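Peer 1: predicted model, plus sequence, below.
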Amino acid sequence: MIELHLTILAITALIGLTFSYLAITEKDLLKAVAYSAVQAIAYAIIFYLLMAPDIVLAYVAIAVGIYSALLVFIIGKTERYEVV
C-alpha cells in the first residue's frame, strides 16, 4: 500500500512541476491561469497524501478558487496575451 501512495505522490509531483513550467512559459494569460489552477490541484493532492487535510482545504479554496478568479478578473481589465 505504501508503494501505491509513493507512486501517486511522484506522479502528482511530476504533474505539478509540468503545469508550473507550462504556466510560466505560456503567452496566453488565461491559459497560464488554468495551468496554475491544475498545478494547485496537483499540490493539494500531494498535501492530502501527506495527511494534511487542513492545509488542503485552505489551499484549494485560496489557490484554485480565489486566486484564479482574481487573476481572471484582472486579465479581463488588461490584455489577454503577453507582449514581448
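Peer 2: Yep, that arrived. Keep in mind it's a predicted model, so treat the numbers as computed, not measured. Residues are numbered from 1 along each chain as shown.
Peer 1: in this structure, which helix has the most residues?
Peer 2: helix 2-25 (DSSP state H).
Peer 1: what's the spacing between that one and its chain's center?
Peer 2: 11 Å (CA atoms, centre = their mean, to the nearest Å).
Peer 1: by contact count, what packs against that helix?
Peer 2: Contact partners of helix 2-25 among helices and strands, from 3 or more CB pairs under 8 Å, 6 or more residues apart in numbering; DSSP states H and E: helix 29-49. Heads up, the C-betas are built off the backbone N, CA and C, glycines and all.
Peer 1: tell me how far the helix it packs on lies from the chain's centre.
Peer 2: Between the mean C-alpha point of helix 29-49 and the mean C-alpha point of its chain there is a distance of 2 Å (CA atoms, centre = their mean).
Peer 1: what of stretch 66-83?
Peer 2: For stretch 66-83, the gap between its own C-alpha mean and the chain's C-alpha mean amounts to 16 Å (CA atoms, centre = their mean).
Peer 1: show me which positions of the helix or strand bottoming out on mean pLDDT in the chain end up buried.
Peer 2: When the helices and strands of the chain are compared on mean pLDDT, DSSP states H and E, helix 53-59 comes out lowest with a mean of 89. Taking 16 or more other CB atoms under 10 Å as the basis for neighbour counts, the residues of helix 53-59 that come out buried are 56, 59.
Peer 1: who are the packing partners of that helix?
Peer 2: By contact count (3+ CB pairs under 8 Å, 6+ apart), the secondary structure elements abutting helix 53-59 are helix 29-49.
Peer 1: just the C-alphas of the helix it packs on, formatted as PDB.
Peer 2: This file holds the C-alpha atoms of helix 29-49, laid out as PDB (Å, rounded to 0.1, in the frame of the first residue of the first chain):
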ATOM      1  CA  LEU A  29      -2.600  34.600 -19.800                       C
ATOM      2  CA  LEU A  30      -5.900  32.800 -19.400                       C
ATOM      3  CA  LYS A  31      -4.200  29.500 -20.300                       C
ATOM      4  CA  ALA A  32      -1.500  30.300 -17.800                       C
ATOM      5  CA  VAL A  33      -4.100  30.800 -15.000                       C
ATOM      6  CA  ALA A  34      -5.700  27.500 -16.000                       C
ATOM      7  CA  TYR A  35      -2.300  25.700 -15.800                       C
ATOM      8  CA  SER A  36      -1.700  27.300 -12.400                       C
ATOM      9  CA  ALA A  37      -5.000  26.000 -11.200                       C
ATOM     10  CA  VAL A  38      -4.200  22.500 -12.300                       C
ATOM     11  CA  GLN A  39      -0.800  22.800 -10.600                       C
ATOM     12  CA  ALA A  40      -2.500  23.900  -7.400                       C
ATOM     13  CA  ILE A  41      -4.900  20.900  -7.600                       C
ATOM     14  CA  ALA A  42      -1.900  18.500  -8.000                       C
ATOM     15  CA  TYR A  43      -0.200  20.100  -5.000                       C
ATOM     16  CA  ALA A  44      -3.400  19.800  -3.000                       C
ATOM     17  CA  ILE A  45      -3.500  16.000  -3.800                       C
ATOM     18  CA  ILE A  46       0.100  15.800  -2.500                       C
ATOM     19  CA  PHE A  47      -0.900  17.600   0.700                       C
ATOM     20  CA  TYR A  48      -3.800  15.100   1.100                       C
ATOM     21  CA  LEU A  49      -1.500  12.100   0.600                       C
END
